[in-house]
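Asks: next one to model:
(one chain, ligands or ions: 1)
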Amino acid sequence: MKNDYTEPPHPPLSPEGGGEGWGEGGEAVMEDNILLQVNNISVVYSDVIQVLKGVSLVIRRGQIVSLLGSNGAGKTTTLKAISGLLKPENGKVTEGSIEYESKGIHNSSPETITRLGIIQVLEGRQPFKYMTVEENLRVGTATRWGKPYKKDLELVYQYFQPLVARKNRLAGYCSGGELQMLVMGRALMAHPQLLLLDEPSLGLAPFLVREIFEIVKRINEEQRTTIMLVEQNANMALLIAHYGYVMENGKIVMEEAAVNLRENPDVKEFYLGTASSGALKSYKDVKSYKRRKRWL
Ligand code: ATP
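Replies: Just a heads-up that it's a prediction; the model follows:
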């Protein structure tokens, strides 16, 4: 069926001519303050399937760092290595190290890592279906059970206003957009220092994707939350990110300030879907071109 949807015109997300946290050319102005460092890690599932092969990256405090790459590149595996969630999948970091605030966390349990303030929002937006929206949000406070949470709820409802009308409804009845807001709101309730977002745009209508990315940018700016954003929607991710990494076949193949990545001809061709002429390439063309040209 022909898709007649055209996205309404909208202002650019990143202020091209400056603004708080941005330089005159739209480049990020951030202190050189490392929060998380991934040093040359290899990850293997079930002792035999090697997925990550020497991945290194740096996340600076206060930034949004985007990790881009196609299906199966190893993006989710990278996030799970950081959050400690490889273990339930029979995966492990076999080489290298992960340092958070200069302390090694690659052998730590997910519980310990969560208590340090690293909170992952998994791909697929799974709520507790038989609990209400508000009960789901309260689950996010599990690491500080018994402590006051009303102000946190107010903050979440301020960012995710559609949840207010749904707060007493079972989460199982929420739409895809509401669920994405719910799982991100639940993560905010945990007071993240480093928020790991896995494909928040997946399967959402363009206007909702835009709304979600606007909120991610506001959370970063207003709460000073550092964010690692895994996305296949490179167009949107590079609009709000300060820095970006491109991953292919379990390796980082490119890294740069997001503003430069957006202008990179290979990124334009492979991930933004535009040729150097500015013409939109079909995904099929991009895929076959990608098979011919590799950075590896
Ligand atoms: P996607 O966007 O499709 O989620 P991705 O870049 O996030 O892709 P990963 O989910 O990290 O990629 O998967 C990378 C590779 O690791 C894939 O080939 C996948 O099949 C494999 N893989 C992921 N999880 C497991 C697992 N638990 N056991 C074995 N192999 C796995």
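
Asks: quick check: mean pLDDT across the helix or strand hosting residue 134?
Replies: Assigned by DSSP states H and E, residue 134 falls within helix 133-139. Averaging pLDDT along helix 133-139 yields 94.

Asks: please apply the same query to stretch 209-224.
Replies: 95.

Asks: chain center to that stretch: distance?
Replies: 11 Å (CA atoms, centre = their mean, to the nearest Å).

Asks: what of stretch 225-233?
Replies: 2 Å.

Asks: return the helix or strand in this structure with minimum mean pLDDT.
Replies: Least confident element among the helices and strands of the chain, by mean pLDDT, DSSP states H and E: helix 283-292 (a mean of 45).

Asks: just to revisit the earlier point, list the buried ones in the helix holding residue 134?
Replies: 133, 134, 136, 137, 138 (16 or more other CB atoms under 10 Å). For the C-beta atoms, the positions are set from N, CA and C on the backbone; glycine is no exception.

Asks: quick one: residues contacting the second one.
Replies: Spelled out, it's residue 134. 153, 167, 168 (CB atoms under 8 Å, 6 or more residues apart in numbering).

Asks: give me the neighbour count for the second one.
Replies: Residue neighbour count, defined by other CB atoms under 10 Å, stands at 15 for residue 167.

Asks: begin at 105 from here
Replies: Right, with 105 as the first residue, what we last looked at is residue 271.

Asks: name the nearest residue to it, ignoring sequence neighbours.
Replies: residue 238 (4.3 Å; CB to CB, 6 or more residues apart in numbering).

Asks: same thing with the first one?
Replies: Closest residue to residue 257 apart from its sequence neighbours, by CB to CB, 6+ apart: residue 241 at 6.3 Å.

Asks: secondary structure element holding the spatially most central residue of the chain?
Replies: Central residue of the chain (CA atoms, centre = their mean): residue 333, 1.9 Å from the mean position. Following DSSP H and E, one finds residue 333 within strand 330-335.

Asks: contacts for whatever helix or strand comes next after that strand?
Replies: Next helix or strand after strand 330-335 toward the C-terminus (DSSP H and E): helix 338-344. Contact with helix 338-344 is made by 116-118, 168, 170, 172, 305, 313-314, 317, 320-321, 324, 333, 335, 348, 362, 365-366, 371, 375-377, as judged by CB under 8 Å, 6+ apart.

Asks: doesn't residue 375 make contact with residue 366?
Replies: No. Residue 366 is beyond contact range of residue 375, at 9.7 Å (criterion: CB atoms under 8 Å).

Asks: those two: which is more packed in?
Replies: Legend: neighbour count by other CB under 10 Å for residue 366 and residue 375, higher for residue 375 (25 against 21).

Asks: got the angle between the helix of greatest length in the chain and strand 330-335?
Replies: Longest helix of the chain, by residue count under DSSP state H: helix 310-327. Relative orientation of helix 310-327 with respect to strand 330-335: 160 degrees, computed using axes from the mean of the first three to the mean of the last three CA atoms, to 10 degrees.

Asks: list the helices and strands helix 310-327 packs on?
Replies: Packing partners of helix 310-327 (3 or more CB pairs under 8 Å, 6 or more residues apart in numbering; DSSP states H and E): strand 168-172, helix 254-263, helix 280-293, strand 330-335, helix 338-344.

Asks: so does the helix or strand following the shortest one get close to the ligand?
Replies: Under the assignment DSSP H and E, the closest C-terminal helix or strand after strand 168-172 is helix 179-187. Yes. For a cut-off given as CB under 6 Å from any ligand atom, helix 179-187 has contacts with the ligand, namely 179, 180, 181.

Asks: dump the residue contacts of the first one.
Replies: Remark: with contacts taken as CB under 8 Å, 6+ apart, residue 179 is in contact with 171, 172, 173, 302, 334, 351.

Asks: same question for residue 289.
Replies: Going by CB under 8 Å, 6+ apart, the list of residues near residue 289 reads 241, 244, 260, 261, 263, 264, 267.

Asks: circling back: how about the residue nearest to the centre of the chain, what does it touch?
Replies: Contacts of residue 333 by CB under 8 Å, 6+ apart are 168, 169, 170, 171, 301, 304, 320, 341, 344, 345.
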